[in-house]
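Student: coordinates only, sequence not included:
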C-alpha cells in the first residue's frame, strides 16, 4: 500500500500547524508537526543550559535524548522527552528561539530526519515545517508553500500568545518574526525555500476559514480525494 503525503512548508507564523492539524482531521491523515519535534530538542537544550548555537555541545547532548511522538484518541500529536509529556512546555515563547537556532545545526537535523521519514512511510501524512518538501519528503505527493506578510504573521502570533495568557508586545513579536525569517532562509543547512514543484498559498488577506478552504481544495484536487472519501 502506498501512503499519501502532503508537505506544507513556510515561514514562522504562517499558520502551518493550525491548518495542517485541521486538514489532517478532515481528510483522515496523520498530522506530523515537525516544529514540535525541534521545539522538544530546543527545550532539552535550554534545560541543560547549553547555548543553542554551540554545535559541539548540542551534538553531545543528542545521543542522550529520548524523543517520541504519541497520538491521542483525538488524533492530536503529543511530544515526550524522556517519558515526560512536554506538549505544553515546548509552546512557551522562549523555546521558539532555542528551537530555531538548534534546528540550524546539521547534527540536529540528521538526528531527527529518519523519525519524520519513517512516519510518512507508515501512514498517510500531512507534515509541516521549513524543509519538508525540499529535504524531508522530496517525493511528497503534494508540496504547499504557505506564506503571509510578516505583519500578518506577527499579529496572529501576538493574539495567540495573549490567548494563552502570556505577556507579549506586538513590536517585539514582529521583530522576532523578521529575525526568524532571516535565520531560516540564510542558514546553511536545509534553509527555508520554495521547492520547484511546490504550490504557493498566500494567506495574508484570508482568515482561518478561508485559508483552510484554500488548502483543502488544493489537496483534494492534487490527490484526487473526493469529499467523504478521504479514508478509502
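Tutor: All right, it came through fine. No experiment lies behind these values; they were computed from the predicted model shown.

Student: tally of neighbours for residue 212?
Tutor: 18 (other CB atoms under 10 Å). C-beta: built from backbone N, CA, C; applies to glycine.

Student: quick one, what contacts it?
Tutor: Counting by CB atoms under 8 Å, 6 or more residues apart in numbering, residue 212 touches 19, 22, 23.

Student: can we see that at 10 Å?
Tutor: By CB atoms under 10 Å, 6 or more residues apart in numbering, the contact list for residue 212 reads 15, 18, 19, 22, 23, 26, 203, 206.

Student: now these as a markdown table including neighbour count?
Tutor: Below are the contacts of residue 212 laid out as a markdown table (neighbours: other CB atoms under 10 Å):
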| residue | neighbour count |
| --- | --- |
| 15 | 25 |
| 18 | 15 |
| 19 | 24 |
| 22 | 19 |
| 23 | 21 |
| 26 | 17 |
| 203 | 23 |
| 206 | 16 |
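
Student: Helices - which of these land there?
Tutor: Among the contacts of residue 212, the members found in helices (DSSP state H) are 18, 19, 22, 23, 26.

Student: Who are the contact partners of the residue nearest to the first one when sequence neighbours are not counted?
Tutor: In this case it means residue 18. Counting by CB to CB, 6 or more residues apart in numbering, residue 208 is the residue found nearest to residue 18 once chain neighbours are left out, at 7.0 Å. Contact partners of residue 208, counting by CB under 10 Å, 6+ apart, are 15, 18, 19, 22, 156.

Student: give me the number of residues near residue 70?
Tutor: Residue 70: 11 neighbours (other CB under 10 Å).

Student: sorry, back to before: which of the ones in helices among the contacts of residue 212 sits closest to residue 99?
Tutor: Ranked by distance to residue 99 (CB to CB), the ones in helices among the contacts of residue 212 are led by residue 18 at 17.2 Å.

Student: quick one: the closest one and residue 160 touch, right?
Tutor: Yes - the criterion here is CB atoms under 10 Å, and residue 18 meets it with residue 160 at 9.0 Å.

Student: How confident was the prediction at the nearest residue to residue 136 once chain neighbours are set aside?
Tutor: Excluding the flanking residues, the one nearest residue 136 by CB to CB, 6+ apart is residue 116, at 5.1 Å. Per-residue confidence at residue 116 stands at 91 (pLDDT).

Student: neighbours of residue 116, just the number please.
Tutor: Residue 116 has 20 neighbouring residues, counting by other CB under 10 Å.

Student: can you tell me the helix or strand for it?
Tutor: Assigned by DSSP states H and E, residue 116 belongs to helix 106-122.

Student: which residue ranges form the strands in this structure?
Tutor: For the chain, the strands defined by DSSP state E occupy 5-9, 30-33, 67-71, 77-81, 84-85, 125-129, 142-147, 199-202.

Student: Take those strands and lay them out in CSV including mean pLDDT.
Tutor: Below are the strands of the chain laid out as CSV (pLDDT from 0 to 100):
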stretch, mean pLDDT
strand 5-9, 97
strand 30-33, 90
strand 67-71, 88
strand 77-81, 92
strand 84-85, 96
strand 125-129, 93
strand 142-147, 97
strand 199-202, 96
